[in-house]
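>>> got a sequence here, can you model it:
(3 chains)
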Amino acid sequence: MITSEKVNDLYSRLYSEAEAGGYHLNPDEEFTRDLIEALLINTQRYGYQSCPCRLADGVRDQDLDIICPCDYRDPDLTEFGACYCALYVSGEIARGEGEVRSIPERRPSQRDRSHEGQRGKGEEEKHADGEQHGGGGAWEKEPTYPVWRCPVCGYLCAREHPPEKCPICKADKDHFKRFL
Amino acid sequence: MITSEKVNDLYSRLYSEAEAGGYHLNPDEEFTRDLIEALLINTQRYGYQSCPCRLADGVRDQDLDIICPCDYRDPDLTEFGACYCALYVSGEIARGEGEVRSIPERRPSQRDRSHEGQRGKGEEEKHADGEQHGGGGAWEKEPTYPVWRCPVCGYLCAREHPPEKCPICKADKDHFKRFL
Amino acid sequence: MITSEKVNDLYSRLYSEAEAGGYHLNPDEEFTRDLIEALLINTQRYGYQSCPCRLADGVRDQDLDIICPCDYRDPDLTEFGACYCALYVSGEIARGEGEVRSIPERRPSQRDRSHEGQRGKGEEEKHADGEQHGGGGAWEKEPTYPVWRCPVCGYLCAREHPPEKCPICKADKDHFKRFL
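Next up, the predicted model:
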């Protein structure tokens, strides 16, 4: 059973982690509590914190991209100011200066994911260096990502667009410059 | 009007963010409060937290390098143990084991900045890939920076010199090694 | 003299820093307090926080790899779920779902370290660019490390294996993909 205390604990952990990294939870507390309860239910059911708004497969490897925070959160924050569930929102929306809009599903269809997985596997073999990578470890499949640099602290990250805030020094997105 | 409460709020946010990233605010509280009040006044005036010790242009794009924390903070911390305003200081000075000295202006003159901007724009066109970069997004102009690696946690950053502390694992600067 | 208050202060600082970066202190408080006291004794004796479980040379440059957190912590966490001293442990052990095993010494012998140092120095001269690197600054000696990318936030790090958690967005290790 998901007690109110467990929801509070996860809420406060996710809140601190979000703020520390320059992210924000949805300021609508009731809405956010419901999503956090759903995360706890999914953790009980599957053993991992699968996205509350998407149908999980139940196999961790197949669901890796939708374990919260999901692989689609940051591109959705950039484009729509909120993730697919609206658990995470932009600073603008967190400050009450904007509204959450409807967010289209960015996750590729199951068919496309399994094709990509097969291509991915080929790539992996091609690059294989015989090493055991201890958990993480597939080679990044296409597409590769540009590397962004924070000109204040030198933080580097590889993603489609720069983050809303530098997670280290909190410089705004428009400070970032492309490095590679 | 800048209330004392607003100064307190920003003070405590900047303090936590600084400490979390391995940085330090000036331990002289009265001096630091005055700078933080000036940051709030600049935010009201310009819409962004422009450096309290420099003359802002008033156009965000022209002032990007002096939005606090500014692009010159970290090189000044490395060389002088404090940023230009002495809002941020080294661990040594934060612990009261050193004094803030006078810090020369590192920002290029307006004339040099606008030349650089023009060169920068040329570069940008040359590298342009037709993509919309969502806010951040100019290609890094010359000079490029060495990439440093923390041998404890593997953190990478691109800057003239390594940071005083690794923002992730707090290893000291002399642990860092050049990676690229 | 190491007062109980000083132990508490360092304990709480190390605890917050560990959790913020996705690391964990050993949950056995008495054991952990003893290690932290030993860190404080070493700091008094040598001027730096040398590993409590290894014999320090007393010269910072020679001991750089065993200043806590040491260069061997993260590979030991990956392979054994704990660092050599068991001051830092994996999430599994922190949650009481695993036991600390005996951890072999990963640090090269003094003889191998000094050979490596000599090779290192040669490398450094070869790459030297006449610049003063302000503290950190030897070129990374062989081996170089793979670069891992967090697909959620784009965090990059260079290390043998990905970290247990992304220090920025807390994604688990199996999310990471090799980037370079």
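
>>> buried residues in stretch A:4-15?
Within stretch A:4-15, the residues that count as buried by 16 or more other C-beta atoms under 10 Å in any protein chain shown are A:7, A:10-11, A:14. The way it works is simple: take the backbone N, C-alpha and C, and place the C-beta from them, glycine included.

>>> what does stretch A:73-91 give?
For stretch A:73-91, a neighbour-count test (16+ other C-beta under 10 Å) marks A:73-74, A:76-78, A:80-91 as buried.

>>> report whether it contacts chain C.
Yes: Stretch A:73-91 lies in contact with chain C when judged by C-beta under 8 Å from any C-beta of the partner chain; the contacting residues are A:73-74.

>>> so how far is the first residue of that stretch from its last?
14 Å (C-alpha to C-alpha, to the nearest Å).

>>> helices of chain A, start to end?
For chain A, helices defined by DSSP state H occupy the ranges A:4-20, A:29-46, A:60-63, A:73-80, A:91-94, A:110-127.

>>> of those helices, which is nearest residue B:164?
Comparison of these against residue B:164 by C-beta to C-beta identifies helix A:4-20 as nearest, at 19.3 Å.

>>> and the closest one, how far out from the chain's middle?
16 Å (C-alpha atoms, centre = their mean, to the nearest Å).

>>> quick one: work out the angle between that helix and helix A:29-46.
For helix A:4-20 against helix A:29-46, the angle between stretch directions is 110 degrees (axes from the mean of the first three to the mean of the last three C-alpha atoms, to 10 degrees).

>>> what's helix A:4-20 in contact with?
Outside helix A:4-20, the residues within contact range by C-beta atoms under 8 Å, 6 or more residues apart in numbering or on different chains are A:23-25, A:32-33, A:36-37, A:39-40, A:88, A:167, B:20, C:20, C:169-170.

>>> repeat for stretch A:42-56
The list of residues contacting stretch A:42-56 from outside it, by C-beta under 8 Å, 6+ apart, reads A:2, A:35, A:38-39, A:58, A:60, A:63, A:66-68, A:70, A:84-85, A:87, A:107.

>>> next, give me the two most distant ones among the buried residues of stretch A:4-15.
Within those, A:7 and A:14 form the most distant pair, 10.6 Å apart (C-beta to C-beta).

>>> what number of residues lie near residue A:147?
Neighbour count for residue A:147, taken as other C-beta atoms under 10 Å in any protein chain shown: 22.

>>> wait, what's in contact with it?
Contact criterion C-beta under 8 Å, 6+ apart gives A:156-158, A:178-180, C:156 as the residues in contact with residue A:147.

>>> give me the neighbour count for the closest residue in space to it that isn't next to it in sequence.
Leaving aside its sequence neighbours, residue A:147 sits nearest to residue A:180 (C-beta to C-beta, 6 or more residues apart in numbering or on different chains; 3.8 Å). Here the number of neighbours of residue A:180 (other C-beta under 10 Å) works out to 17.

>>> repeat for residue A:44
Residue neighbour count, defined by other C-beta under 10 Å, stands at 10 for residue A:44.

>>> tell me how far it lies from chain B.
Using C-beta to the nearest C-beta, to the nearest Å, residue A:44 is found at 31 Å from chain B.

>>> what's the pLDDT at that residue?
The confidence metric pLDDT takes the value 97 at residue A:44.

>>> just to revisit the earlier point, hmm, the residue nearest to residue A:147 is touching residue A:146, no?
Yes: here residue A:180 lies in contact with residue A:146, judged by C-beta atoms under 8 Å, at a distance of 6.8 Å.

>>> ok, back up a step: so how do I select the buried members of the contacts of helix A:4-20 in ChimeraX?
Buried residues among the contacts of helix A:4-20 (16+ other C-beta under 10 Å), as a ChimeraX selection:
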select /A:23,24,25,32,36,37,39,40,88,167 /B:20 /C:20,169,170
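
>>> return the member of the contacts of helix A:4-20 nearest to residue C:114.
Sorting these by how near they are to residue C:114, with C-beta to C-beta, puts residue C:20 at the top with 35.8 Å.

>>> if I look at that closest one, how far off is residue B:179?
Going from residue C:20 to residue B:179 by C-beta to C-beta, to the nearest Å gives 23 Å.

>>> ok, now residue A:24?
Taking C-beta to C-beta as the measure, residue A:24 falls 32 Å from residue B:179.

>>> in chain A, where is pLDDT below threshold?
A:115-142 (pLDDT under 70).

>>> wait, what's in contact with the residue nearest to residue A:147?
The contact partners of residue A:180, taken as C-beta under 8 Å, 6+ apart, are A:146-147, A:158.

>>> that older thread, ok, the buried residues of stretch A:4-15 vs chain C, which is closest?
Lowest distance from chain C to those (C-beta to the nearest C-beta) belongs to residue A:14, with 8.9 Å.

>>> which residue, other than its chain neighbours, is closest to residue A:160?
Setting aside the residues directly before and after it, residue A:160 is nearest to residue A:75 in space (C-beta to C-beta, 6+ apart), at 5.8 Å.

>>> double-check that neighbour against residue A:162; I have them as touching.
No: using C-beta under 8 Å, residue A:75 makes no contact with residue A:162, being 11.8 Å away.

>>> can I get stretch A:2-9 as CSV, trimmed to CA atoms?
Included here for stretch A:2-9 are C-alpha records, laid out as CSV according to Å, rounded to 0.1, in the frame of the first residue of the first chain:
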residue,chain,number,x,y,z
ILE,A,2,1.2,3.5,-0.9
THR,A,3,1.0,5.5,2.3
SER,A,4,0.8,9.3,2.4
GLU,A,5,4.2,9.3,4.1
LYS,A,6,5.8,7.5,1.2
VAL,A,7,4.3,10.0,-1.2
ASN,A,8,5.7,12.8,0.9
ASP,A,9,9.2,11.3,1.1
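
>>> domain assignment for chain A?
Segmentation of chain A into domains, based on automatic domain parsing, reads A:4-94, A:141-180.

>>> from chain B, how far out is the closest residue to residue A:98 other than its chain neighbours?
Leaving aside its chain neighbours, residue A:98 sits nearest to residue A:92 (4.3 Å; criterion: C-beta to C-beta, 6+ apart). Residue A:92 sits 12 Å away from chain B, taking C-beta to the nearest C-beta as the criterion.

>>> what's around residue A:92, how many residues?
For residue A:92, the count of nearby residues is 13 (other C-beta under 10 Å).

>>> and if you look at the one 10 residues further on?
The local packing of residue A:102 (other C-beta under 10 Å) involves 7 other residues.

>>> from residue B:175, how far out is it?
In this structure, residue A:102 lies at 48 Å from residue B:175, with C-beta to C-beta as the measure.
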